[in-house]
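Enquirer: Provide a 3D model corresponding to the input given below.
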Amino acid sequence: MITITTSENKKVYFASDQHLGAPTAAASFPREKKFVAWLDGIKKDAEAIFLLGDLFDFWFEYETVVPKGFVRVLGKLAEIKDSGIPIYFFVGNHDLWMHDYFEKELNITVYHEPQEFLINNKKFLIGHGDGLGPGDKGYKRMKKVFTFPLFKWLFRWLHPDLGVKLGQYMSVKNKLISGDEDAKFLGEENEWLILYCKQKLTEKHYDYFVFGHRHLPLEIKLQQNSTYINLGDWIQYFTYGEYVENKFNVVSFKE
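Expert: Sure thing, here's the model as predicted:
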């Protein structure tokens, strides 16, 4: 478990679901600039930054090729990491084919599963959120196919011009993959991530569960001293999380 202790006047920041590149590179460009402006603004007081997946609407790493574009956000992340601020990246269902590009080029730690962190002596469980809890069986089956080594090996043999275009098409068109077909609150008894968190609490205590994926900014009290947080997105809400003075806030970004 990684331990983070914030210095005076420092914050821990969280963001998720930027989906850069969707529905087209041109359409998402203003959102990329807005997200880069947020990154530039928080670097002055960030103790650490967590990016909880779906930064890109499609991402696949060939042996020597990655999708072109996104240079502003990649450059800003490199600048922040080089300044000494740790960045933790969790792959989402749209960038689940991320391998080691971030780790080698940006020195950013990449996780493929939820992870525990101790922040100011509060226990966090952090991840993207796709495929967790009961239900969502169609997506879970599809994820097994997409992460199967043989499928990835076969896809890698597609020329990048074809593979990237195919992946972008599937990401935009297939709501089963995108996971945001029900971008409205379904009630605690029907939200799979909430049910997942409640099940985890029967095994171990966590003060905060922090996830993305649902595209909804949510703060749900699970117990008196345990809270489920969903970060929303950077498509409709432009929300992010900040943990300061042992309090978690979901905030809308205002330029």
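Enquirer: show me where this protein has its helices.
Expert: Along the chain, the segments classed as helices by DSSP state H run 25-42, 71-82, 101, 137-146, 149-156, 160-173, 175-178, 192-201.
Enquirer: ranking the ones you listed by mean pLDDT, which is last?
Expert: The minimum mean pLDDT among the helices of the chain belongs to helix 175-178 (a mean of 42).
Enquirer: neighbours of the residue nearest to residue 82 when sequence neighbours are not counted, how many?
Expert: The shortest distance from residue 82 to any non-neighbouring residue, by CB to CB, 6 or more residues apart in numbering, is to residue 107 (7.9 Å). (Glycine included, C-beta is placed from N, CA and C.) Neighbour count for residue 107, taken as other CB atoms under 10 Å: 13.
Enquirer: please apply the same query to residue 26.
Expert: 8.
Enquirer: these two touch, right, the residue nearest to residue 82 and residue 80?
Expert: No: assessed by CB atoms under 8 Å, residue 107 is found out of contact with residue 80, at 10.8 Å.
Enquirer: shared neighbours, the two?
Expert: Counting by CB atoms under 8 Å, 6 or more residues apart in numbering, no residue touches both residue 107 and residue 80.
Enquirer: hang on, isn't residue 10 packed against residue 46?
Expert: Yes: using CB under 8 Å, residue 10 makes contact with residue 46 at a distance of 7.1 Å.
Enquirer: ok, those two, which is more surrounded?
Expert: Taking neighbours as other CB under 10 Å, residue 10 and residue 46 compare with residue 46 leading, 20 against 16.
Enquirer: and the more buried one, what's its pLDDT?
Expert: At residue 46, pLDDT is 98.
Enquirer: now residue 115: how far from residue 19?
Expert: Distance of residue 115 to residue 19, computed by CB to CB, to the nearest Å: 22 Å.
Enquirer: so if I had to pick from these two, which one is more boxed in?
Expert: A count of neighbours by other CB under 10 Å puts residue 19 above the other of residue 115 and residue 19, at 25 against 16.
Enquirer: list phi and psi for the more buried one.
Expert: Backbone torsions of residue 19, given as degrees, to the nearest 10, read phi 50, psi 50.
Enquirer: quick one: contacts for it?
Expert: 28, 54-57, 94, 233-235.
Enquirer: neighbours around the closest residue to it other than its chain neighbours, how many?
Expert: Distance criterion CB to CB, 6+ apart; nearest residue to residue 19, sequence neighbours excluded, is residue 57 at 4.3 Å. The number of residues packed near residue 57 is 25, by other CB under 10 Å.
Enquirer: I'd say residue 57 and residue 27 touch.
Expert: No: look at residue 57 against residue 27 with CB under 8 Å: they stay out of range, at 10.5 Å.
Enquirer: still on that earlier bit, can you redo the contacts of residue 19 as JSON lines, where the extra columns are distance to residue 189?
Expert: Shown next, in JSON lines, are the contacts of residue 19 (distance: CB to CB, whole Å):
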{"residue": "28", "distance to residue 189": "35"}
{"residue": "54", "distance to residue 189": "26"}
{"residue": "55", "distance to residue 189": "31"}
{"residue": "56", "distance to residue 189": "33"}
{"residue": "57", "distance to residue 189": "31"}
{"residue": "94", "distance to residue 189": "27"}
{"residue": "233", "distance to residue 189": "23"}
{"residue": "234", "distance to residue 189": "28"}
{"residue": "235", "distance to residue 189": "27"}
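Enquirer: of all these, which comes closest to residue 15?
Expert: Taking CB to CB as the measure, residue 15 lies nearest residue 234 of the contacts of residue 19, at 7.1 Å.
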